[in-house]
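Participant: my questions are about this predicted structure, shown below with the sequence.
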Amino acid sequence: MSEKMLALVNYAERAGAVELREVPVPSLGEEDVLLEVKAVGICGSDLHQYHATHSWKVNYPVILGHEYAGVVVAKGARVRRFQEGDRVTGETAAVVDPDSPFTRRGLYNLDPARLGFGYGVDGAMARYVRVPERCLHLLPDALPFERAALTEPCCVAYNAVCMNARIRPGDAVAVLGPGPIGILCTLIARLNGANPLVVYGLPADRHRLEAARAVGATHVFALSPQEMADTAKHFGDGYGFDVVVDASGASASLQTAMQLARPTAQIVKVGWGPQPCDYSLDPVVAKNLTIQGSFSHNWPVWERVLAMLASGQIDLQPVLNRVAPLPQWRECFEAMACGEVVKAVLIPV
């Protein structure tokens, strides 16, 4: 094994401060494994760090990448459940406080001390990544690495739609934002029986809206925010949607969500929106709405999603549009940023 490896490093808090560098292969602690990365997905958060539009603290310099799958090539002395040669994927919570009351309840994804791969500690856009054993999940034999690398965003969507939302068959559901998470939320909402299932995007999102249609949306719209609100009367009894999933990356979309929601509806907010809000929240009171946040995922969600990926119940064909070697990272980042590609996966070499 080489002592050096090629990695995609976000080295400063300014736009464009990402480059390929030779870095040391990580050393292992007693409860860690060394994973040879076979595939790593590009997340919207990677794009935000690339453009310096993120709203979270980053420990620079840091290797990007938290959607990964690979093979165990070495393990620490106290690792018991995994062996060299195992095909695995892994969760994003690289550092958690084991004594936190949230960790003890299995909600380590909500531990305030949590640090994730790709911003808090070095991530997986590299030949090797160090991963705590507790993060790992065995891959079903039939699941290819490039699809397994997208387990994490599928878990984000499953947690939002199945754990934090209350969608029942026949519910009218709207999804705001046809990015990867919005499209995956659409797929999961379809499995829950949502009908109608409407996905809203901007005129620039037309390509991604077609992917939303391919995973099960009954209707897609490329409209301005005010035009979006005007469409609610055309569905169901005309009073709005039972559930609105806000998967947009803009704070303004919550106002649109409130306009689309019917009285007593639920809004599930899964998209980050760091901009200040300059509108009234009175519709939450007037309509008796529930706003539910949804962040990350935990162990039982991962096990369920891996089974659904292996069975084909979660079909990633409309979502995974490009697989490329790590040196082509810039082209893939830019293709995702402009909406030409819904989801790209990099293969470290």
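Facilitator: Happy to help now that I have it. In this text the structure is predicted, and so the values were computed from the model without any measurement. Residues are numbered from 1 along each chain as shown.

Participant: show me where this structure has its helices.
Facilitator: Secondary structure of the chain (DSSP state H): helices at 44-51, 101-104, 145-148, 151-158, 180-191, 206-214, 225-230, 253-260, 282-286, 299-311, 329-337.

Participant: can I get those in CSV including mean neighbour count and distance to E30?
Facilitator: (Each C-beta comes from the backbone N, C-alpha and C, glycine too.) Output for those, formatted as CSV (neighbours: other CB atoms under 10 Å; distance: least, CB to CB, whole Å):
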stretch, mean neighbour count, distance to E30
helix 44-51, 21, 30
helix 101-104, 14, 19
helix 145-148, 23, 26
helix 151-158, 26, 25
helix 180-191, 27, 35
helix 206-214, 20, 43
helix 225-230, 15, 52
helix 253-260, 22, 45
helix 282-286, 12, 49
helix 299-311, 17, 21
helix 329-337, 18, 33
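
Participant: mean pLDDT for those: which is lowest?
Facilitator: Comparing mean pLDDT across the helices of the chain, the weakest is helix 225-230, with a mean of 92.

Participant: how about residues contacting that helix?
Facilitator: With contact meaning CB atoms under 8 Å, 6 or more residues apart in numbering, helix 225-230 is reached by 176, 200, 221, 252-253, 255-256, 259-260.

Participant: returning to that earlier point: could I get the helices of the chain as CSV with distance to L320?
Facilitator: Formatted as CSV, these follow (distance: least, CB to CB, whole Å):
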stretch, distance to L320
helix 44-51, 15
helix 101-104, 32
helix 145-148, 7
helix 151-158, 11
helix 180-191, 10
helix 206-214, 10
helix 225-230, 27
helix 253-260, 25
helix 282-286, 37
helix 299-311, 11
helix 329-337, 12
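
Participant: before we move on, the earlier item: and the contacts of helix 225-230 as a markdown table, adding distance to A211?
Facilitator: Output for these, formatted as a markdown table (distance: CB to CB, whole Å):
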| residue | distance to A211 |
| --- | --- |
| L176 | 15 |
| Y200 | 14 |
| F221 | 14 |
| A252 | 23 |
| S253 | 19 |
| Q255 | 25 |
| T256 | 21 |
| Q259 | 25 |
| L260 | 21 |
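
Participant: how about the helices of the chain, which one is nearest K343?
Facilitator: The closest of those to K343 is helix 180-191. By CB to CB, the value is 4.9 Å.

Participant: between the closest one and helix 299-311, how many degrees?
Facilitator: 80 degrees (axes from the mean of the first three to the mean of the last three CA atoms, to 10 degrees).

Participant: now tell me what touches helix 180-191 from outside.
Facilitator: With contact meaning CB under 8 Å, 6+ apart, helix 180-191 is reached by 43-44, 153-154, 156-158, 160-162, 167, 173, 175-176, 178, 197, 199, 208, 211-212, 215-217, 243, 245, 247-248, 270-271, 313-315, 318-319, 342-343.

Participant: quick one: which of the helices of the chain is nearest H66?
Facilitator: Closest to H66 of these is helix 151-158 (CB to CB; 6.5 Å).

Participant: can you name every helix or strand that the closest one contacts?
Facilitator: Packed against helix 151-158 by the contact rule (3 or more CB pairs under 8 Å, 6 or more residues apart in numbering; DSSP states H and E) you find strand 67-75, helix 180-191, helix 299-311.

Participant: adding distance to L107, write the ones you listed out as CSV.
Facilitator: Below are those laid out as CSV (distance: least, CB to CB, whole Å):
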stretch, distance to L107
strand 67-75, 21
helix 180-191, 20
helix 299-311, 10
